Every structure is written in structure tokens, then in C-alpha cells.
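Novice: sequence unknown, structure follows:
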């Protein structure tokens, strides 16, 4: 069975075709239209009240593009739900935005749900025109995570977007806050009921017996204006002679429609049509080919046309009339009859559907029908061929649900049982994964010794991933200590999982413990690599990912020789790897080591080579990440115009609302703003990124943000704020043994750390005396002193003697600008709201920093230092 990537069905993201001879419900269309000025409109009523028809009618009457999403039970996976959500909106937005948001959808499995939503909404804020988004059949959604995420989306979505939801039940999250702000409205069943006039129009325009006004009025009363009841009555009246008697006996309320549909409508059909409807009713969506497979004949297209003419609740799903579904109430009634009266037929029909969907590559549907048929041998076979693609797509919710559907009586193949445990790990269900692993060991430990060795290798993979994800090192040590020499290579599918779909460094991924470093990380990483290598798995993806995480960890610990040695092995493997998730981190570590050696041009050449390769072979975000790294290099060299061009190419702006999804790019941009003396704008961006990083529990990112904040505050002359931000970075750094994160900031960081040691560890301490800093504790003097010792002599000397740009406050830079304009002391005092005496003091301090004694000399020195860009 070949593996396939998820298919986006156009019928789910396209409004259904408009039915002929519809009753135009002007009052309801006006109600919907007026609601588009708010945030959300809800159409809530039981099945058969015409919710979908009404929304479809409004979409076509509006004569403007509307996003449309039809939901079903399979959309209870958060990744699948939001992937379809993105593609539905992408149908209505400008081309430039479409490419950006679909790229987001493709990278959904590499982001937390909140990080994705923030990025998605930020893109939608660029909408120039209002977009209405219809979400049909939301009652199929039962996943609490989706409810929470949609509520969050509605709360913060841009004003240009308005949401219309149809559902059979009330929304499972509160809408009162939007109602009180007059941003929400709801229509229920009573609002959807046909009025007597609408009922009369419905019958007058239908092909059926002519009814009197009295008969129409009585039918409206008996059906309570329920449109499906009116349709059922119309179908029955076509074969009735005594109309008054029928109306008197008709019970068309939705409470007893199931029996009525079957006995009064289905049973009266010609035998061939009856058999066709019975068999095809088990299908959620279908075309003629699928109907052929389920009915086991080749006349489906003709019969579909006949059913359509009978107006038998057949709903077209596309303009070409190729895909259809039955009205949910209609098909549901027939299905209940088959399950209750013909259980063997029910199982056989669902299996036939599963086989046909699998044959056509619709693997999700194939699995669902197989589960409904109760054919779990076939379900397992389907999963074996589909599981890798599902894990790559990130739709783990459905995968987990499918695993949970297996009855306890079904013994999963050992490999699939381990995959079940692995999915539990990936979905954060660590305790369940641990229990499943223990049960697995108890079940198979007494197996054939050779088979047990193979199984242990799979256990090693799952338990190691559980350790990396949960940080539970103890169980791993106990486990590995009993089996170091007993493993045989497992099925290689275990070791082909791609852990990185969008990060510049492996340290930023869960496998890299989100930047956390500890001796356990090194010990376990080394042991794990040794076990894999000794059993022929040194070319597996997990081996390379763990090795690369060690490369990056050694560098951070300033164990440069160890980092180089590990990187050499990765370089030898690079020619055999075709994954940007590995190749980009390898390249970026090579850049760091080149810069450490002073080989700036080699670093440039390497980045250009990577960009050429990425442009030809890789999708985003890899090109953007490499461009962001190039921007950092240019900033370091003081080539700010070139760095600004890259920032523009990446579409970065001080007015942006930065999202975690593009954090690396924004942190690069913030560094550029700092060199441009735009500290306030840079700090604003960092203040928005910081809580996102904390929320995502990305340790390395939180440290970097605090470091940049400290340096920017120092440039502004806000020394207490600088020390506070530095303290936050040092707390993280000491817990994890960080060195290079600080040392790579060179002279400015050395100067700031030096001042920190004076103020933090010399009595009396300003840190403890100042009310705003009194609570900041926990950083040891030994750690800070050790950091200072890692700076080179050149950096130390530069920090002490060289008037680098970062040592000048914003006010001093403004002073230089005014001097360049030829402003007198009096004019400067007026501009800065200072006394002339204070201006003279400021000038004296400025001359001292620059090592000059006049305005002319000061301007010349400032120009040489790049202070007057």
C-alpha cells in the first residue's frame, strides 16, 4: 500500500451549487446580511430546517466571494480542522496572501496550535476587504481542543472577517461576551420555520398536486413550518388521491421522521431505485464510481440522475454534478434501518466502500469505512501503509482515534502496537504511553528470543522518544542498562520519522528538549547513539537528529572541539540526507564555527550556497531562515544597508505583530533595529515575542530574547532595565550551562556582565536595594565570573577601551545629530528641553567617551564609528 499525503477535498471548501426552484426567504437573507457587521452569526436548529440551503442561498445572493467549509466527523483532528480552515479562506483572499497562509497550513504540524493561530490571524489582518466565512455542520466537531482554539480565534480575529456557523446544537463555548458587545447573533429553529406564505410559495413552485390555501395552511401547522416535513409531504402527495385524509393523518414533525422516511418514502420506490438508495445511503459523499463499487453494478450515473429528478434528498456538491451526498436526516434514517435490520449487509457495504476509497487514494475515508464495517484486520493493513504519511501531516488526533477504535479482542501486530505508543508520546499522553509500553513488555517478553531482540529495538525507539519528550531520564537509564548488548535492528520505518519541519536549530525542537541542556542530555545522547551505531542504525534519521542536537549543545557549552568533531560526522552524512530539517541546522552550525575562526567570507559563501540550494529544492520556511541568518552576519559586519534589503525581502516591519512561527526572522530583524538606533521599536517587538516563547516553553529562545532586551536597554541608557533583563537571561543560562549565547554577543555583553558583577555581588547591592529588583535572586557569582573568563582578550580590551556604538545612549546619539546640523548649545538646550549648563555637561561626557576635545573632532570620530548612519 503506498503512502499518500492528505488530500484537500474541493467539495469541502466550496459552497454547494444553488438548488433550483428555491423559496427566496428574503427576511432570513436580510438577517444574515445584517449580521456580517458583527463577529459571529449562529444558525442553530435540528436537522432538516434548511440551514445549509439558507446559507448557500445567501452566498449566491450576495454575489461576493465567501469562504466555505463543510465539516464532518473526520475533522475532529485539530491539525486537519485548521488545515481545511486555511484552505477554505485561501479560496477568497488575494494571491499574495493565499501563498502565505497555505504555507502556514503546510507547516501546521511543526507549530503549537496557539502559535499557528497567532500567525494565521496576523496574516488575515492584512485583508483589505471584508471576508465572510461560512462554517457548515459544526455539530460534528466534538474535540475540546478545536472548540478552545475556535473560541480563541473568534475573540482575536480581525474585524475584516465575519463568521457564520450552522449547527444542530448550541456551541460548546461561551458566546455571551460577544453578544453583550452586540457582535453576536443567533437564529434558532423557530426563526427558520416556513411562514404560511413561504409554505404556499413552496407548494405552488413544486411539481405536485395543486393544494388549496386551507390544505397548505393545515400542512404548515402540522409540520410546524419544518421544511423537511413539507418535502416529505410533497413526496407522499404525488402518489395519493385523498389529499385531505393524508393531511389529517400526516405526522411530519422531526420527532418521528425516521420511521416515516422509510415506510412512506423509501418503501414506495421502484425496486431498483430502492436497492440503490439502500446501498449508497451508507456513503457520506459519493460519485458514480464509488456508487458502482458499493452497488456492484455499472448503472450508478443513470440512477443518480433518476433520483435527482425524484427530488429524493440528493444534494449536489459541485457545479459539475459529479459529487453528491444525501440529506443527513434522510441518509441517517436509512442507515439506522440497515444497521438494525440488515447488519451483515451493513458491514459488507462499508467494506466495499473502504476498498474503493483505498483504491482511489482516499486513505482517511478508507480507514473510517473499514472501522464502521468492523473489519479491523483491514484497518490495521490500511494503517500500516498510511501511518508514516499521517505522522508527517501532523493529523495525529485522527490516528490516535483510529488506534483507540481497535477492540481489546484484536491483537495488534507488535510493530503497530509500538506505533500506538509512539503516537501517545507525540500527542503528549506520556502516562498512557508508559502504561502501554509496560503492557507491551509483559505481553511479549516471553516470546521467541530472536523476535524479542527485534521488539526491544522498537521499544528503545519509543522509550527514547518518551524520554526526550517528557524529560524522564530515570526510566530510560533503567531500561537501557538491561539491554545494551541484546538489540537487533528494528524495522527501519521506526527510524525515518522527521523531527524538524521548520526550526533553524534542532535545539529548538522537542527532540532537542527545546533548548534545555544537562549532563543527562549528553550522557543519554551518547549512549543512544552508541546503541544505534552498534546495531547498524547509524544512518537513521533519529541518529542524525540526536547527533546534531549534540553538535549544537557542545557549541553552547563552548566545547568547541567536541562540537567540531560531531559536526564532521554530520558533514559526511550530509550528502546522503535530503531533509532541510537536518541540512539547514548543519549549515548554520558551520557558519557559527567559521565565524569563530574569523573566516567571515567562508560563512558568506556557505550561506549563499545554501540559499541557492534552498531556492531550487526546498519550500519555505528554509529560504527565509537562511536569509535571516545572512542578515545577522551583515549586521555583525556593520553592512546595514544590505541587511535592510533582506529585512524588506522578508517583509519585516516595525509595525508588525510578530508571531512565534517567524521568531528567528524577527529576532534577526530586532538586531538590525538595534544597530539603527531604533531601540524602542525593537523592544516593542521583543515584548510581543517574549510571552509567546514562554508559552511554547522554548528555553533557548527565552534566553536570547532577554539577552537582546538587556543590550537594547543598555543602549538606551536604561541601566536598571538592562540589568533586570540580563538577570532573566542569566537565570536560564546557569540552569542549562549556557556560555556561547552570552559570549557571542562580544564586547557589549562583556561590558554589561562586568557591571552586573559589580552591582549584583558587591555590597551594598543596588539589585537588592532597588524595590523593582529586590526579588531577583538565584544567579551565582561563580557562573557570571566563569562567563567573563570565556571572552577573548581582544573582546575584553574592546569592551574596556573601544567606543563601540552599543556603548552610546540614545540621547548621546541625538546630541551628535544636532551637532552635525550645526546647532548651538542654546538651540540644543531648546530642542532637548534642557538648560545650557546641562548641555555643556553632556557635551563634556560625550567628548570624553570619544576621546576628543572639540565638535569637529567629535563628528569625525562618530563618523568613523558608524554612529551617524
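Specialist: In hand now; what should we look at? None of the values given here were measured: they were computed from a predicted structure. Numbering: from 1, shown residues only.
Novice: and stretch 668-687, which residues are buried?
Specialist: 668-675, 677-679, 681-686 (16 or more other CB atoms under 10 Å). Quick note: C-beta positions are derived from backbone N, CA and C, even for glycine.
Novice: over to stretch 637-649?
Specialist: Neighbour counts using 16+ other CB under 10 Å place 640, 643-644, 646-647 of stretch 637-649 among the buried residues.
Novice: and which of those is nearest residue 382?
Specialist: residue 646 (46.5 Å; CB to CB).
Novice: the closest one contacts residue 633, doesn't it?
Specialist: No - using CB atoms under 8 Å, residue 646 makes no contact with residue 633, being 10.0 Å away.
Novice: so where's the stretch 451-600 of the chain uncertain?
Specialist: Across the stretch 451-600 of the chain, the ranges flagged by pLDDT under 70 are 476, 479-494.
Novice: can you list the buried residues of stretch 637-649 in TSV and add distance to residue 406, pLDDT and secondary structure?
Specialist: Below are the buried residues of stretch 637-649 laid out as TSV (distance: CB to CB, whole Å; pLDDT from 0 to 100; DSSP: H, G, I helix; E, B strand; the rest coil):
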residue	distance to residue 406	pLDDT	secondary structure
640	60	90	helix
643	55	94	helix
644	57	94	helix
646	52	96	helix
647	52	95	helix
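Novice: same list (those) but as JSON lines, adding distance to residue 182.
Specialist: Formatted as JSON lines, the buried residues of stretch 637-649 follow (distance: CB to CB, whole Å):
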{"residue": "640", "distance to residue 182": "49"}
{"residue": "643", "distance to residue 182": "47"}
{"residue": "644", "distance to residue 182": "44"}
{"residue": "646", "distance to residue 182": "45"}
{"residue": "647", "distance to residue 182": "41"}
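Novice: inside helices: which ones of the buried residues of stretch 668-687?
Specialist: Using DSSP state H, 668-675, 679, 681-686 are the members of those that sit in helices.
Novice: residue 570 against residue 546, yeah?
Specialist: No - at 10.9 Å, residue 570 does not count as touching residue 546 under the criterion of CB under 8 Å.
Novice: and those two? Which one has more around it.
Specialist: residue 546 (23 against 20; other CB atoms under 10 Å).
Novice: in a strand, the more buried one, correct?
Specialist: No - counting by DSSP: H, G, I helix; E, B strand; the rest coil, residue 546 falls outside a strand, being helix.
Novice: just give the closest residue to it, not the sequence neighbours.
Specialist: residue 525 (5.4 Å; CB to CB, 6 or more residues apart in numbering).
Novice: which residues are in contact with that neighbour?
Specialist: Shown in contact with residue 525 (CB atoms under 8 Å, 6 or more residues apart in numbering): 546-547, 549-550, 553.
Novice: so can I have CSV of the residues you listed showing distance to residue 705?
Specialist: Listed next are the contacts of residue 525 as CSV, based on distance: CB to CB, whole Å:
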residue, distance to residue 705
546, 27
547, 28
549, 21
550, 25
553, 20
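Novice: from those residues, which single one is nearest residue 422?
Specialist: Nearest to residue 422 among these: residue 546, at 16.0 Å, using CB to CB.
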